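# Okay, here's the prediction I keep looking at, along with the sequence it came from:
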Amino acid sequence: MAKESISKKDIALSCRHIWKVYGEKPEQFFSQGNGAVNTPKEYANTIQNSNHIVANADVSFDVYNGEIFVIMGLSGSGKSTIVRCLSRLVEPTAGDIILDGQNLLEKSEKELIEIRRHKMGMVFQSFGLMPHLNVIDNIAFPLKLQGIQQTECYKQAEQVIDLVGLNGRETNFPNELSGGQQQRVGIARSLAVEPDIWLLDEPFSALDPLIRKNMQNEFLNIQSKLHKSIVFITHDFQEALRLADRMAIMRDGMIVQIGRPVDLILNPVDDYVREFTKDVPWEAFLKAADICEPAKGSLRGLGRITADTPVESLLGYLAKHPKGVIVEAKDGATLGTITSSVLLSSLANISDARPAEVKQ
């Protein structure tokens, strides 16, 4: 979604200047304009020097309709705290969280329960299944809490069972399922309520690597069908690259950089972000549309490629065609061109290695 085309109606959830401070009197730091003259980092230091702990500091981002917004960072970066603030499972100290034009921080506990039941789906690292209930009853449980008739509960549960590939497991109990199957039940249970916003906090991190990759594939398959608005938390940069439409990197409770994965890799804002991206194989993610530049001069005689053409496949072609190649959208419109110099410039931005010594 191009930045200039985004409007309020495209935004599913807004997180605005969220602070989460632990300590004896955290509210004292957010009254009468306190901190207005300080940067968030400076003010966080001031708060911490007053025997308080800052878990989130001035965190702001939007989640667009139908996108996977990934938040990643190392342990202690504040990523899990912020996703819990979004649902008010953890109470923010200051800021605003806007869903459907309403500030969740102004809602009563009763109103929040209804919002969580009807508009939010949540999946966590621990599967949280009820051991005395079988698969279909675990999935139908939140629907029963909504007061939906039993027949309709099981009808909706059966639909999501099919979606997550658990057909034939309806009567199994959690202890009869593998880790990956248990997580599928957790995902199905959160989807059964047909949430407007889907919050997932490291849902695959407890799984073995092969199962984890399979679950990522299933997750992307589900998203291709449902187009949910998703906040996905992970500490794994490779996982973030596979899943994210856009991503945010956190450090010390603050957002360091937000953008598409390719933006963060091509243009990291500092050494912290660059450290995450330095070992990423460019051929695994870079597409023609990511590096093309506005077309200049005559395009006569140039070949054409689609926007999603892997850059890796262009190396031989560009070596033989110095004038480059045209990159076009699905509708045939020209997005730009790629020349060998454009490609080399992009790869130079990715590389974190020192330039080779060239002797004259």
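Alright, I've got the coordinates.

# drop to CA atoms for contacts and neighbour counts, all remaining ones
OK.

# Domain map for this structure?
Per automatic domain parsing, the domain ranges recorded for the chain read 64-91+104-119+195-280, 286-350.

# Now distance to V54 too, for those domains, in a markdown table please.
A markdown table is the format used below for those (distance: least, CA to CA, whole Å):
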| stretch | distance to V54 |
| --- | --- |
| domain 64-91+104-119+195-280 | 7 |
| domain 286-350 | 33 |
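
# most neighbours per residue, which of those domains?
domain 64-91+104-119+195-280 (a mean of 18; mean count of other CA atoms under 10 Å).

# how distant is it from the center of its chain?
Offset of domain 64-91+104-119+195-280 from its chain centre (CA atoms, centre = their mean, to the nearest Å): 3 Å.

# what about that domain, average pLDDT?
In this model, domain 64-91+104-119+195-280 carries a mean pLDDT of 92.

# Span of it from start to end?
26 Å (CA to CA, to the nearest Å).

# same check, this time on stretch 119-136
Terminal-residue distance, stretch 119-136 (CA to CA): 21 Å.

# Ok, which of the domains of the chain comes nearest I161?
Minimum separation from I161 across these (CA to CA) falls at domain 64-91+104-119+195-280, 11.6 Å.

# Could you look up the SS state of G66?
At G66, secondary structure determined by DSSP: H, G, I helix; E, B strand; the rest coil is coil.

# I'd say it and I230 touch.
Yes - with contact defined as CA atoms under 8 Å, G66 and I230 form a contacting pair (7.3 Å).

# Show me where the stretch 251-360 of the chain has its helices.
In the stretch 251-360 of the chain, the helices defined using DSSP state H, counting those that start in this stretch lie at 261-266, 271-277, 288-291, 315-320, 340-350.

# quick one: low-confidence parts of the stretch 251-360 of the chain?
283-284, 350-360 (pLDDT under 70).

# can you put the helices of the stretch 251-360 of the chain in a markdown table and add distance to K119?
Shown next, in a markdown table, are the helices of the stretch 251-360 of the chain (distance: least, CA to CA, whole Å):
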| stretch | distance to K119 |
| --- | --- |
| helix 261-266 | 28 |
| helix 271-277 | 33 |
| helix 288-291 | 34 |
| helix 315-320 | 47 |
| helix 340-350 | 40 |
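
# and Q159, which of these is closest to it?
Closest to Q159 of the helices of the stretch 251-360 of the chain, according to CA to CA: helix 261-266, at 32.7 Å.

# got a list of contacts for the closest one?
240-241, 244-247, 257-258, 273-274, 277-278, 285-286, 290, 346, 349-350 (CA atoms under 8 Å, 6 or more residues apart in numbering).

# likewise stretch 170-183?
Against stretch 170-183 from outside (CA under 8 Å, 6+ apart): 127, 129-136, 161, 166, 203-204, 207, 211-212, 215.

# how about 10 Å then?
Residues outside stretch 170-183 that contact it (CA atoms under 10 Å, 6 or more residues apart in numbering) are 123-139, 157-158, 161, 164-166, 169, 184-189, 203-204, 206-208, 210-212, 214-215.

# swap in stretch 142-151?
Contacts of stretch 142-151 (CA under 10 Å, 6+ apart): 114, 117-118, 137, 140, 152-154, 156-157, 189-194.

# Can you name the element that comes right after the top helix by length along the chain?
Ranked by number of residues, the top helix in the chain under DSSP state H is helix 209-226. Heading C-terminal from helix 209-226, the first helix or strand you meet, by DSSP states H and E, is strand 229-234.

# Which elements pack onto that following strand?
Helices and strands touching strand 229-234, by 3 or more CA pairs under 10 Å, 6 or more residues apart in numbering; DSSP states H and E, are strand 11-22, strand 53-64, strand 68-72, helix 79-87, strand 120-124, strand 197-201, helix 237-243, strand 246-251.

# Thought R189 was touching A157, still the case?
Yes - contact criterion CA atoms under 10 Å: A157 and R189 qualify, at 7.7 Å.

# any residues in contact with both of the two?
Common neighbours of A157 and R189 (CA under 10 Å, 6+ apart) are V135, I136, D137, N138, I139, A140, F141, L143.

# picking that back up, and of the helices of the stretch 251-360 of the chain, who's closest to Y22?
helix 271-277 (25.6 Å).

# which residues are contacting that closest one?
Among residues not part of helix 271-277, those counted as contacts by CA under 10 Å, 6+ apart are 73-74, 236-238, 241, 249-251, 256-257, 261-262, 264-268, 278, 350-352.
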